[in-house]
Each structure stands twice: as structure tokens, then as C-alpha cells.
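A.B. asks: dropping the sequence and predicted coords here.
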Amino acid sequence: MGVATEDSFDSMILVSGSRLVQSGFRKMDCRDDVVMFVNSGGSPIEGRDSHINFLGDSYFQGGDVIKTNEAIVEGGDYPFLYQSARYGNFCYKFEALAPGDYFVDLHFAEIVNTYGPKGIRLFDILSELDVYAVVGANKPLQLVDIRVPVLDNGFIVIRFEGISGTPTVSGICIRKAPKLSAPLVKPEHLICNKCAAEIEVSPTQTRARSKYIAKYEKKIHELTSQYKLKSDECYEAWMSLTATNEQLVRLRMELDNYIFQTETLEQAVEKQTGKLRDVSERYEHDKKSWFAAISNLEDKIKAMKQGQSQLSIEAHECANSTPDLNKMIIAVQTLVTQCEDLKIKYSEEIAKRKKLYNQVQETKGNIRVFCRCRPLTKEEVLSGYTSMVDFDAAKEGDIGIMAGGSIKKIFKFDRVYTPKDGQADVYADASPLVTSVLDGYNVCIFAYGQTGTGKTFTMEGTEQNRGVNYRTLDELFKIAAERKETFAYNISVSVLEVYNEQIRDLLATFPSTKKLEVRQAAEGFHHVPGIVEAKVENIKQVWDVLQAGSNARAVGSNNVNEHSGDSKALMFVQISPSDNDLGETLSSLNFASRVRNIELGPARKQVDTGELQKMKQMLDKVKQESRIKDESLQKLEEHCQNLENKLRGKDQLCRNLQEKVKELECKLKEQLNSESVAVQKVKELEYKLKERLQSELMLEQKVNKLKNKLREKRDQSKSMLLLHSDDALKFATPTEGKAFSRDESTSETDPRILRSSNSVNKPLTGPGSILLQGAEPLHEIKRKRELRSTMVGKSENNIIVPTTLVEKRIQPSELGKVRKIDPTKAFGRLTRKVVATQKVFPHSRNNQEKDKIKVWTR
Ligand SMILES: Nc1ncnc2c1ncn2[C@@H]1O[C@H](COP(=O)(O)OP(=O)(O)OP(=O)(O)O)[C@@H](O)[C@H]1O
């Protein structure tokens with residue numbers, strides 16, 4: 001705005017001759033007529049390079065002090081003056097002044113302070129001057145040359161009353177004023193209050209006043225004409241401004257649309273970017289997994305290749321060893337042939353052996369009788385019984401029975417076992433009969449003797465010391481297992497008891513009424529029809545069967561089977577050594593001797609033993625050879641089988657490995673394919689993103705163009721507004737003015753908000769522009785426009801009235817002296833806010849009491 005001229009402010013400031021200076025106090029303003037200069041709210045400052053001494057804050061009553069360290073813009077040569085102020089409810093009273101005219105200069109500044117006072121908004125003496133709207137942040141304002149006459153009482157009182165906002169003053173300068181040729185008012189009283197004040201006027205003053213009134217009436221008339229002219233211009237400008245505003249609103253809407261589109265696009269781009277990021281992350285993750293899997297596969301392939309090469313080497317070795325293998329196979333085949341021959345020979349030899357063996361057994365007799373004498377029992381020893389058996393010739397098969405200290409009788413048997421002979425010794429002689437069993441002969445082994453002489457002990461024995469039965473059967477199963485390649489044996493066990501010459505089936509689960517008999521079959525075999533035959537496959541089963549049979553036995557003596565902004569029979573005759581059992585012992589021995597003597601025919605005894613011995617030796621030799629060949633053949637077959645199995649296993653392993661390698665190669669190919677697909681996808685997404693970014697860039701350019709257009713439009717409107725600013729400003733409606741002026745409540749909250757240079761809408765804002773409200777949302781602007789449209793058709797009550805006027809309060813008696821104020825003058829309101837939505841008719845005046853500054857002289 002610059003420094004206002006005296007003329008321009010003369011119409012605005014009702015204190016005659018006073019004017020506004022929008023800059024700080026300068027040296028050149030320091031004149032000799034300065035009486036005192038008070039630095040309100042500050043400290044005294046001695047006049048440095050000027051002759052003015054700035055007094056500390058004095059002559060005041062009431063109020064508070066506010067200070068700032070902020071730099072004062074255009075603060076003149078003494079910016080510190082504006083860095084402090086007195087504010088609130090205060091007045092200054094300067095006393096002891098020499099009577100005469102004085103100029104009072106008031107220095108203001110808007111001190112920016114969040115917690116500071118609201119500042120002076122309006123006061124009448126400046127015709128509703130909005131000091132802070134003029135001043136701006138941390139800027140000074142001088143109201144100078146307020147002429148004040150001082151009477152004899154010699155004081156001047158400065159007090160701010162009824163102003164809008166908080167009175168705030170940074171400095172007060174009182175200067176001596178030259179005397180006026182025609183005083184404007186009676187020097188005693190100069191009242192700038194709305195309330196009437198009386199001023200006594202002299203005739204000379206009346207004339208002068210009339211002259212002034214006429215002058216001012218003329219001036220008012222001129223100004224009224226100018227005002228009308230300007231009103232029309234303003235109306236046109238206003239219409240143009242309205243159109244521009246509408247255009248601006250449209251543009252703004254377009255801009256909003258573009259912004260919306262841009263935001264949408266940005267969101268889409270962000271979304272896509274997010275997706276792309278996800279895809280990239282997934283891709284990276286998958287890539288890592290793939291690389292790990294690939295390296296794992298590579299390791300596996302490597303290992304497999306090594307295994308394969310190892311196997312190849314082994315296969316080569318195998319292939320190289322094929323000739324050897326062939327040789328071996330031929331050798332094996334030869335051996336197999338030999339073996340077959342041997343088997344045939346062996347079978348023949350076995351047949352011969354059987355025959356010979358049988359002959360040998362027959363030479364020994366079909367019934368052989370072994371005599372076994374048990375030891376004396378503890379009871380017998382304790383009872384004092386002694387042994388009456390002589391074993392001196394036991395090895396020769398003789399046993400002597402002693403009586404009265406000498407041998408009474410000698411019995412001869414095939415074998416005689418002393419009490420010292422164990423189970424193994426007994427079985428060693430019985431075992432050849434087992435071979436006969438497996439050669440197909442009937443064999444009967446039984447024990448005979450007095451009760452308690454050891455029949456059970458000899459036949460069954462104990463678990464720790466097995467008897468003949470167990471050992472015979474054990475041997476039987478062993479031989480059967482050895483011969484299983486050649487013969488299949490079915491072994492069954494029948495257990496019978498001959499008791500009182502009756503045969504009892506000891507394995508029968510229930511007693512049979514049918515009488516069991518030993519019968520002779522056509523082949524010469526003896527059998528007992530109807531007897532239970534328990535099939536057995538191992539010695540345990542046999543043992544169980546024997547146990548079952550043993551449990552079913554009757555207690556008692558046994559009889560020999562005598563029927564056997566062709567059977568081979570072995571009889572154990574069991575005797576007791578005790579002299580107490582002498583009778584029974586002799587009886588048993590006699591019976592056994594008789595059995596033995598009866599069965600051994602004399603003709604059989606005459607067999608040529610030399611020939612028999614020879615045949616026996618031949619048989620042993622053949623058996624030996626056969627066993628050796630069998631063993632070597634078996635070994636060769638096993639070796640051959642092992643080799644074949646090994647070769648087969650390696651072939652299978654090699655095949656498996658090759659299949660696995662192929663499978664892994666396929667997998668690797670698939671993974672590489674999927675990887676390339678993913679890479680392709682990422683490229684496509686990147687391309688899409690680029691396209692999006694380009695379109696976004698284009699949109700941004702468009703938006704910038706629009707913004708530039710808007711700015712141009714705004715500049716145009718601004719320049720247009722500036723051309724008419726002085727008058728246009730007068731048309732600002734209270735409503736709009738309030739809306740677009742520096743909002744008090746906003747300022748109260750945070751005065752910096754409207755001054756923020758970082759505002760998003762800054763390009764659209766500017767002094768005197770409706771776009772100062774750029775920060776408002778679109779819907780708010782729309783709402784306001786609608787409201788304005790509604791208001792257009794309403795009565796004058798809604799028409800924005802001109803600003804308030806400033807009145808000089810005069811005494812009724814001095815009415816003639818008081819300067820009449822035309823309401824139109826009130827449009828001299830000084831403000832930077834230019835906001836209106838319709839033509840303003842400034843014909844009505846707000847009659848409310850206005851804020852004002854009083855300058856009293858007494
Ligand atoms: N050669 C031996 N050495 C040690 N003890 C033996 C011998 N013979 C038999 N005995 C013991 O003599 C006792 C009688 O034997 P065992 O029961 O076998 O007679 P037994 O003839 O079967 O009797 P019974 O006809 O009443 O059943 C048993 O305690 C047994 O251990």
C-alpha cells in the first residue's frame with residue numbers, strides 16, 4: 001500500500017491533519033519539536049545518533065507489557081521501538097506541559113505472539129482503522145500529527161475506549177505544534193468520542209468553522225460525485241470480479257476434479273506399486289527358494305553324478321569281470337553236474353549204507369539191553385543201606401550182585417552204566433538207533449525196572465539234564481533238517497502206556513472204550529490202530545506232547561512190550577543199588593537177561609565181522625566225500641548267487657539313479673521356465689508402472705497448467721482489483737469482510753495460520769482476492785455460493801452496509817463547530833480484504849456504537 005498521502009488520509013482520519021505512516025520511525029523524522037518520546041512497554045534508550053531520548057515506559061496507568069524478539073519489518077531506524085508495547089486497559093497522562101498546540105504521534109505494531117493480546121482491530125479515530133490489517137505481522141504503523149491543544153492545566157490524556165480488540169501501543173511521541181491561524185476547535189476540549197461533548201466557540205472560531213464546513217461540504221459533494229462514479233466502476237468491476245470468481249470457481253472445481261483424478265491415479269499407482277512390491281517381494285522370495293532348490297538339486301545331481309560315475313566304474317568292473325564270471329559259471333555248472341552225479345551216487349551210497357547199517361544193527365541184535373544203576377538216595381544212605389552192586393566189569397557189560405560181602409551173581413548186558421555215568425554217556429550208545437529211525441526202521445526205546453530206579457530220569461531227564469527221549473528226538477530233527485533237500489519227514493508222536501497188560505493212549509483227550517492192540521501190518525510194521533498221533537515239527541512240541549503223556553500216566557510198574565487467507569528195541573533195565581531192593585533188582589536183572597537172550601539168535605551172531613568192518617569203513621568214506629562235495633557245491637552256489645544278486649542290485653540302483661537324474665532335470669527345467677515367466681511378469685508390471693507414472697506426470701503437468709491459468713486469472717483480477725482497490729475496499733460487506741478478513745478467532749487460536757507460506761492453496765491466495773479462502777474445501781465454497789445466491793434476492797437487511805463512521809463528539813452548543821461527517825466518508829475504511837458477492841449499496845450506516853480513540857485535552 002505504501003505511505004499514504006496526507007490528502008488521501010485526510011478523508012479517512014477524522015483528526016484533522018493526522019496521517020498514517022506504514023513504516024517505522026526514521027531519523028529524518030527526528031525534529032527539534034519533540035517534547036518527549038515514550039517507548040511504551042520498553043526501556044529508556046538514550047538518543048544514540050539522534051538527539052531524541054526515548055523514555056522508558058512511563059506516564060501510564062494500568063495495562064500490561066508485551067515484548068518480542070522477532071525482527072520488525074520496515075521498522076525504520078528504531079525498530080526496537082516496535083518490539084515492545086503496552087496493552088490492555090491503560091491510559092497515558094502527560095502532565096506539566098506548557099499550554100499550546102501539540103502533535104501527538106502514536107506508534108503501533110502488530111507483535112506476533114501466540115499468547116499475546118489480540119491487538120487493536122478497529123478504532124474510530126482512524127475511521128474504523130483496522131490497525132493490524134494495515135500493519136501486518138511485526139510491522140509498524142505510525143499515526144502522526146494528531147493535533148492536540150494543551151490548556152493551562154498542562155496535561156494530555158490518551159486513552160483507548162471501546163475499541164474492538166485490545167488497545168496496544170508501542171510508542172507515544174509528543175511534539176510541539178505550530179499555532180494555527182484559525183483554531184479548529186476550542187483548545188480546552190477536543191473530544192473524539194461518540195458521546196456529545198461541549199466545546200465553547202468564539203465568533204472568530206464560528207466563522208472559521210463555517211468556512212471549514214463549507215469547504216468540507218464542497219469536498220463532500222465532490223467526493224459524493226466521485227463516490228457515485230467509483231460506485232459504478234466498482235459495480236462493473238464487481239460484476240467482472242463475480243464472473244471471474246465464478247470462472248475461478250469453475251476452474252477450481254476442474255482443478256479439484258483433476259486433483260481428485262490425480263489422487264485417484266496416485267492411489268491406483270500406489271496400489272499398483274504395492275502390488276508390484278508384493279510381486280517383487282514374492283518374486284525375490286521365490287527366487288531365493290528357487291535358487292536354494294536349484295543349488296540343492298545341483299548338489300544332489302552332483303552327488304548322483306558321482307554315484308553314477310562310481311556305479312559306471314563298478315559296472316565296467318562288473319563287465320570286465322564277466323569273462324571271469326563266465327568261467328566261474330562254467331565251473332559252477334561243471335560242479336553242479338558233478339554234484340548231480342554225486343547226488344545220484346550219494347543216494348545209491350545211502351541205500352547201500354542203510355542196508356549195511358541195518359545189517360550192523362542186526363548183528364548187534366534187534367533188542368539190546370542196557371543196564372543202568374542209579375546212585376543211593378540220601379534217604380537210603382541215612383537209613384544205612386549200602387550198595388550191593390559190583391561195577392568192576394561194567395565196561396565189559398557185566399554187573400555183579402553182591403550178597404554177604406561176595407559176588408553172588410553176574411549178569412551180562414550190552415552196556416552197564418554205573419551211578420557215575422551221565423545222560424550223555426547213555427545217549428551216546430542209544431543214538432545209532434536214531435539213524436535207523438530215519439532210515440525207515442521201527443525203533444523202540446523203553447525203560448524197565450522197579451519203581452524209583454530212574455526210568456523217567458533215563459528217558460526224559462530234567463530240563464537241565466535231558467534224557468534219551470529228548471536227545472533222540474533232538475537228533476532226529478537235526479538229521480531231518482540236514483536231509484530236507486533229499487527227504488521229507490513227517491514226524492508224529494504217540495504216547496502209550498502198558499499197564500496191567502492193557503494199552504492206554506496217554507494223548508487221548510477222553511477215555512476210549514475200544515481196546516487198543518498192537519497189530520502187525522502187511523509190510524511188517526507194527527502199529528496200534530486208533531492211537532492218537534500228534535504231529536510234531538520241533539523238539540519243543542515233542543517235549544510238550546511227552547509232558548502231556550507223562551501227566552496222563554498211571555502210577556505203577558510197567559511191562560515190556562513183548563509183541564515188537566521187526567522193530568529195533570532198546571531196553572534200559574533200571575536197578576537200585578540198595579541192598580534193601582535186592583529182591584526186586586535180581587528180578588529185574590533176570591527178566592532183562594531173559595529178554596536179551598531170547599531176542600539174540602545164535603545164527604545172527606555168526607556174521608563175518610571183518611566184512612562188516614570193511615563195509616562200515618567204505619560207508620564212512622563215501623559219507624565223508626559226499627559231505628565235502630555237498631559243502632563245496634553249496635559254497636559255490638552261494639557265491640554265484642551272491643554275485644548275481646550284487647550285479648542285479650547295482651543294475652537296479654543305476655537304473656533308479658538315472659531315473660532320478662531325469663526327474664530332477666525335468667523339475668529343474670520346470671522351475672527355470674516358471675522363473676522366466678515370473679521375470680516376464682515383473683517386467684510387464686514395471687512397464688505398466690512406468691506408463692502409470694507417465695500418465696501421472698502428464699496429469700501433474702495439466703494440473704500445473706491449470707494452476708498457472710488460475711494464477712494468471714487471479715493476477716488479472718488482482719490487477720483489476722488494485723486499480724480500484726481504494727474504492728472497492730469500501731464495498732466489502734461486513735459478512736464477507738468478516739469471512740475473508742483476518743479472522744479474530746482464528747488469530748486467537750493461532751495467528752500464524754493465515755500467514756503460513758506453506759499453505760497448499762497459497763498460489764490461489766493473495767491480498768484482495770476471494771481465493772484467499774483457497775484453504776476452504778470445495779463444498780464449503782459451493783455452500784457459500786449458494787448462500788450468496790439466496791441472499792441476492794433478499795431485502796436490504798442483507799445488503800452489506802458500509803463500514804461504520806467515525807464521529808467526533810461535540811457539545812450540543814458547539815454543533816456548528818463540529819465537522820459533519822457524511823456516511824459515505826465512512827468508506828474510507830482502510831482494509832486489505834476485498835470480498836463481496838454482490839453489488840454493495842453503501843447508503844445505510846451501521847448505527848451501532850463504534851470503537852473509537854479518544855484524545856482529550858483538558
Ligand atoms: N542215574 C541216576 N543218577 C542220579 N539220580 C538218579 C538216577 N536215576 C534215578 N535217579 C533219581 O532217583 C529217583 C527216582 O527216579 P525215577 O523217578 O526216574 O524212577 P522211576 O523208575 O521213573 O519211578 P516210577 O516208576 O515210580 O516212576 C529220582 O529222584 C531220580 O532223580
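C.D. replies: Arrived safely, thanks for sending.
A.B. asks: alongside the ligand, which residues does the protein contribute?
C.D. replies: Applying CB under 6 Å from any ligand atom, one finds that the chain approaches the ligand through 374-375, 419, 449, 451-457, 574. C-beta: built from backbone N, CA, C; applies to glycine.
A.B. asks: max pairwise distance over those residues: which two?
C.D. replies: Farthest apart among these by CB to CB are 419 and 451. That separation is 17.7 Å.
A.B. asks: and stretch 96-105, which residues are buried?
C.D. replies: Within stretch 96-105, the residues scored as buried using 16 or more other CB atoms under 10 Å are 97, 101-105.
A.B. asks: swap that for stretch 410-420, please
C.D. replies: Here stretch 410-420 shows 411, 413-418 as buried, counting by 16+ other CB under 10 Å.
A.B. asks: contacting residues around that stretch?
C.D. replies: Stretch 410-420 is contacted by residues 364-365, 368-376, 391, 393-395, 397-401, 425-426, 429, 573, 577, 589-590, 592-593, 596 when judged by CB atoms under 8 Å, 6 or more residues apart in numbering.
A.B. asks: let's see that with 7 Å instead.
C.D. replies: Stretch 410-420 has contacts (CB atoms under 7 Å, 6 or more residues apart in numbering) with 368-375, 391, 394, 397-400, 425-426, 429, 577, 589, 592-593, 596.
A.B. asks: what about the residue of the chain found nearest the ligand, how many neighbours?
C.D. replies: The chain approaches the ligand most closely through residue 454 (2.5 Å), counting by CB to the nearest ligand atom. As a burial measure, residue 454 scores 21 neighbours (other CB atoms under 10 Å).
A.B. asks: residue contacts, it?
C.D. replies: Contacts for residue 454 were tallied using CB under 7 Å, 6+ apart; they are 372, 374, 574.
A.B. asks: among the residues you listed, who's most crowded?
C.D. replies: Neighbour-wise, those (other CB under 10 Å) top out at residue 574, 27 neighbours.
A.B. asks: redo the buried residues of stretch 96-105 as TSV? Include pLDDT and secondary structure.
C.D. replies: Formatted as TSV, the buried residues of stretch 96-105 follow (pLDDT from 0 to 100; DSSP: H, G, I helix; E, B strand; the rest coil):
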residue	pLDDT	secondary structure
97	92	coil
101	88	strand
102	90	strand
103	89	strand
104	90	strand
105	90	strand
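A.B. asks: of those, just say which sits nearest to residue 68.
C.D. replies: Nearest to residue 68 among these, with distances taken as CB to CB, is residue 105, at 21.1 Å.
A.B. asks: mind giving me the packing neighbours of the helix or strand where residue 220 lies?
C.D. replies: Assigned by DSSP states H and E, residue 220 belongs to helix 203-320. Here helix 203-320 is seen to pack against helix 609-723, helix 725-728, helix 778-792 when contacts are counted using 3 or more CB pairs under 7 Å, 6 or more residues apart in numbering; DSSP states H and E.
A.B. asks: would you report the backbone torsion angles of residue 537?
C.D. replies: phi -120, psi -10 (degrees, to the nearest 10).
A.B. asks: show me the contacts for the closest residue to it other than its chain neighbours.
C.D. replies: Nearest non-adjacent residue to residue 537, counting by CB to CB, 6 or more residues apart in numbering: residue 491, 7.4 Å away. Contact analysis of residue 491 by CB under 7 Å, 6+ apart lists 476, 480, 536.
A.B. asks: coming back round to it: save the buried residues of stretch 96-105 as a markdown table, and put in distance to residue 303 too.
C.D. replies: As requested, the buried residues of stretch 96-105 are exported to a markdown table (distance: CB to CB, whole Å):
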| residue | distance to residue 303 |
| --- | --- |
| 97 | 113 |
| 101 | 116 |
| 102 | 111 |
| 103 | 108 |
| 104 | 106 |
| 105 | 102 |
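A.B. asks: which of the residues you listed sit farthest apart?
C.D. replies: 97 and 105 (15.0 Å).
A.B. asks: sheet-wise, list the partners of the helix or strand where residue 573 lies with their directions.
C.D. replies: Assigned by DSSP H and E, residue 573 falls within strand 568-575. The sheet places strand 568-575 alongside strand 367-373 (parallel), strand 443-449 (parallel), with pairing taken from DSSP bridges.
A.B. asks: out of the contacts of residue 491, which are inside strands?
C.D. replies: Among these, DSSP state E puts residue 536 in strands.
A.B. asks: which member of the contacts of residue 491 is positioned nearest residue 266?
C.D. replies: residue 536 (95.8 Å).
A.B. asks: that closest one: neighbour count?
C.D. replies: Neighbour tally, residue 536, other CB under 10 Å: 20.
A.B. asks: three-state assignment of the closest residue to it other than its chain neighbours?
C.D. replies: Among residues not flanking residue 536 along the chain, residue 542 sits closest, at 4.7 Å (CB to CB, 6+ apart). Recorded secondary structure, residue 542: helix (DSSP: H, G, I helix; E, B strand; the rest coil).
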